[in-house]
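> Sharing a model that was predicted from the sequence below.
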Amino acid sequence: MKRTNLSLLSQRRSGVLLHISSLPSSPDAHDFGVGDLGAEAYRFVDFLSRIGVSVWQTLPINMPHADNSPYQCLSAFAGNPDFISLERLQSQGLLNQKDLTGESISKADLIATAYEVFREQAKQVESLAEKEQLNFKKFCKKQARWLNDFALFLALRHKFNLAGWQYWPDGYKNRDVATLKQARKELAHEITIIQFTQFVFFTQWLALKAYAATKNVYLFGDIPIFVAYDSADVWAQPHFFKLDDYKNMEVVAGVPPDYFCATGQRWGNPHYNWDAMAADNFSWWVSRMATQNALFDIVRIDHFRGLQAAWEIPASEDTAINGQWVLAPGEALLAAIFKALPKICLVAEDLGIITPEVDALRHQYDLPGMKILQFAFSGQDDNPYLPHHIEASSVAYTGTHDNDTTLGWYNSLDDSQRGHVQAYIYSSRSEEHDVHMPADLINLVFESHAQLAIIPMQDILALDSSHRMNTPGTCSGNWHWRFNWQQLILAQEESITEVITRTARS
């Protein structure tokens, strides 16, 4: 039986793609180099509401490793503490101006300072302080399934100088009961601060979500299909992953060789032990999706095709060439998710070479797929990304975080490729005029049949390649881009507002 995806995507909407890290810093705030959930996040919601946009899409908001990639995180559940607004902690009386003016102190140290004040407040007879203490206890109890293990994992990671769990002494690596019991006792204070940090993150995020709802702006999140090997998830529940007796990966994730890469892509993530997950009714996945469903109104599953079959590469191989497709129980998994969360709104990232079986799985659960206009102009009339081929049950983009900016992309095309773009744009107009990028591609996205059309903030600002968020296959220079309000001119704002109105989107 086909399931109807009850969702916000039953009407034409417009969205903007901008990660939290790309927000500007508040003028009066200490800048730690990353956007956060403070005043600028609320200002961005106001901006979206003002121009008529109803969807704000971000990248995954979990806690990354040192490379800052939001697709390789220390937990599939825990939020990124870098996104915590210190100014909001100050407004609660947990920090003061003197705390915030120190130059060498880290955000983690300041959150720890805030916790000490929070703990002292527990000794006072004040209704607000008592309420927050109760909320903290409720949060810890509600999130205990993942929070307890994550807090211990992170405390141990600091104890062992940030070494991956596979390098910890055997008692810790293998989760010896007596060893972990003693560790929880020795690291009790550190563990509580980590729990408090997550409480602050979730509290601030849900406050932003509630504010966005008052402005009719919905939050659109993203989850990687796989998790990092060095993560609390794999350490805490290794039986859910394909590991050997020594907890080393037997196979790793990636994609096979294709036109773009002769050796494929070896991502290095562990594969799921689907038999073990199915025997547990996919409880880990259901819990993960429940957390995302609370944080977001819409959730994208990255590399959706891996729920039907995934490319498994022997861990000993240096490239992705000698892998194989191994079936995954996507139908049973999605059935379990929708049984537990019947109103969850999911989007499938189905880019690349997609088989009929993957399409069938997506259609069975009525999940919108993705269309990228930068992929449309190959010269073939049957190119599925051409605007006139885009069906309503789609999320259409000029480009995503993995693409160049539209201006940068257009400038990099050769004469033949540029000719295909120009010919299509001319054919879509009642009268000819010069091609203008990115405005013309934005128009095509919004004019398409896709129920949701999303524009990266870089394209609204008409920025070039130097403002690209990520270049796949590279290990440096990614995930650092931030915008500032001075880049936004009135004509750009008016242009986006006009096309949203003209194409009957909200």
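Good, I have the coordinates. Residues are numbered from 1 along each chain as shown.
> Helices of the stretch 201-350 of the chain, start to end?
Assigned by DSSP state H, counting those that start in this stretch, the helices in the stretch 201-350 of the chain fall at 232-236, 274-279, 283-295, 330-340.
> Can you list the residue ranges for strands in the stretch 351-500 of the chain?
Counting by DSSP state E, counting those that start in this stretch, the stretch 351-500 of the chain has strands at residues 369-372, 394-397, 452-456.
> Contacts made by the second one with the rest, please.
By that I understand strand 394-397. 9, 17, 300, 347, 368-373, 387, 390, 445, 448-456 (C-beta atoms under 8 Å, 6 or more residues apart in numbering). Placement of C-beta: from N, CA and C, glycine included.
> residue contacts, the closest residue in space to residue 403 that isn't next to it in sequence?
Excluding its sequence neighbours, the residue lying closest to residue 403 (C-beta to C-beta, 6 or more residues apart in numbering) is residue 374, at 5.4 Å. Residue 374 makes contact with 398, 399, 403, 404, 406, 409, 441, according to C-beta under 8 Å, 6+ apart.
> same thing but 6 Å
399, 403, 409 (C-beta atoms under 6 Å, 6 or more residues apart in numbering).
> what's the most buried one of the helices of the stretch 201-350 of the chain?
Mean neighbour count (mean count of other C-beta atoms under 10 Å) peaks for helix 232-236 among the helices of the stretch 201-350 of the chain, with a mean of 24.
> From the contact counts, what lies against that one?
helix 144-159 (3 or more C-beta pairs under 6 Å, 6 or more residues apart in numbering; DSSP states H and E).
> Give the next helix or strand downstream of the helix it packs on.
helix 170-173 (DSSP states H and E).
> circling back: relative to residue 194, which of the strands of the stretch 351-500 of the chain is closest?
Of all the strands of the stretch 351-500 of the chain, strand 452-456 sits nearest to residue 194, with 33.1 Å by C-beta to C-beta.
> Can you report how many residues neighbour residue 366?
15 (other C-beta atoms under 10 Å).
> swap that for residue 247, sorry
Residue 247 has 17 nearby residues by other C-beta under 10 Å.
> Please report the distance of it from residue 282.
Plainly put, residue 247 is 22 Å away from residue 282 if you go by C-beta to C-beta, to the nearest Å.
> Check residue 403 too.
Relative to residue 282, and taking C-beta to C-beta, residue 403 is found at 32 Å.
> sorry, back to before: which of the contacts of strand 394-397 are buried? Put it as a ChimeraX command.
Here is the ChimeraX command that picks out the buried ones among the contacts of strand 394-397, judged by 16 or more other C-beta atoms under 10 Å:
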select :9,17,300,347,368,369,370,371,372,373,387,390,445,448,449,450,451,452,453,454,455,456
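> related to what we said a few turns ago, among the contacts of residue 374, which one sits closest to residue 229?
Closest to residue 229, out of all of these and judged by C-beta to C-beta, is residue 403, at 27.5 Å.
> mind checking pLDDT for the closest one?
pLDDT for residue 403: 95.
> Can you list the neighbours in contact with the strand or helix carrying residue 16?
Using DSSP H and E, residue 16 falls within strand 13-17. Strand 13-17 is touched from outside by 53-55, 57, 452-457, 500, 505-506, with contacts defined as C-beta under 6 Å, 6+ apart.
> re earlier: just put the helices of the stretch 201-350 of the chain in TSV and tack on distance to residue 122.
Below are those laid out as TSV (distance: least, C-beta to C-beta, whole Å):
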stretch	distance to residue 122
helix 232-236	27
helix 274-279	39
helix 283-295	26
helix 330-340	35
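> closest to residue 206 out of the ones you listed?
Nearest of these (C-beta to C-beta): helix 283-295, 7.4 Å.
> Tell me which other helices or strands the closest one touches.
helix 330-340.
> Okay, and which of the contacts of residue 374 map to helices?
Among those, the members falling in helices (DSSP state H) are residue 409.
> of the contacts of residue 374, closest to residue 329?
residue 403 (31.5 Å).
> Leaving out the residues flanking it, which one is nearest to residue 418?
Nearest one to residue 418, counting by C-beta to C-beta, 6+ apart, is residue 410 at 7.2 Å.
> doesn't residue 436 make contact with that neighbour?
No. The pair formed by residue 410 and residue 436 falls short of the contact definition of C-beta atoms under 6 Å, at 9.8 Å.
> any idea how far residue 373 lies from residue 460?
15 Å.
> export stretch 155-174 as PDB, just CAs?
Extracted as PDB, the C-alpha positions of stretch 155-174 are listed here (Å, rounded to 0.1, in the frame of the first residue of the first chain):
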ATOM      1  CA  ALA A 155      34.300  13.000  28.700                       C
ATOM      2  CA  LEU A 156      36.500   9.900  28.000                       C
ATOM      3  CA  ARG A 157      37.600  11.400  24.700                       C
ATOM      4  CA  HIS A 158      38.900  14.400  26.500                       C
ATOM      5  CA  LYS A 159      40.500  12.200  29.200                       C
ATOM      6  CA  PHE A 160      42.400  10.400  26.400                       C
ATOM      7  CA  ASN A 161      43.500  13.600  24.600                       C
ATOM      8  CA  LEU A 162      40.900  13.400  21.900                       C
ATOM      9  CA  ALA A 163      42.000  10.000  20.700                       C
ATOM     10  CA  GLY A 164      39.400   7.900  18.800                       C
ATOM     11  CA  TRP A 165      37.600   5.300  21.000                       C
ATOM     12  CA  GLN A 166      39.300   2.500  19.100                       C
ATOM     13  CA  TYR A 167      42.600   3.600  20.600                       C
ATOM     14  CA  TRP A 168      41.400   3.700  24.200                       C
ATOM     15  CA  PRO A 169      42.600   1.200  26.800                       C
ATOM     16  CA  ASP A 170      40.700  -2.100  26.300                       C
ATOM     17  CA  GLY A 171      38.400  -1.600  29.300                       C
ATOM     18  CA  TYR A 172      37.100   1.600  28.000                       C
ATOM     19  CA  LYS A 173      37.100   0.600  24.300                       C
ATOM     20  CA  ASN A 174      35.200  -2.600  25.000                       C
END
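> same question for it, mean pLDDT?
Rounded mean pLDDT across stretch 155-174 is 98.
> remind me which residues of the stretch 51-200 of the chain are low pLDDT?
103-104, 125-129 (pLDDT under 70).
> ok, now with 90
97-105, 120-133 (pLDDT under 90).
> Going by residue numbers, what spans are strands in it?
55-57.
> so what's the residue nearest the centre of the chain up against?
Centroid-nearest residue in the chain, with C-alpha atoms, centre = their mean: residue 60, separated by 1.7 Å. Counting by C-beta under 6 Å, 6+ apart, residue 60 touches 70, 222, 223.
> Leaving aside the residues adjacent along the chain, what's closest to it?
Per C-beta to C-beta, 6+ apart, closest to residue 60 is residue 70, 4.1 Å.
> how near is that neighbour to residue 324?
For residue 70, the distance to residue 324 - C-beta to C-beta - is 29 Å.
> who's more crowded, the two?
residue 70 (22 against 12).
> Correct me if wrong: that one contacts residue 59.
Yes. Look at residue 70 against residue 59 with C-beta under 6 Å: they come within range, at 4.4 Å.
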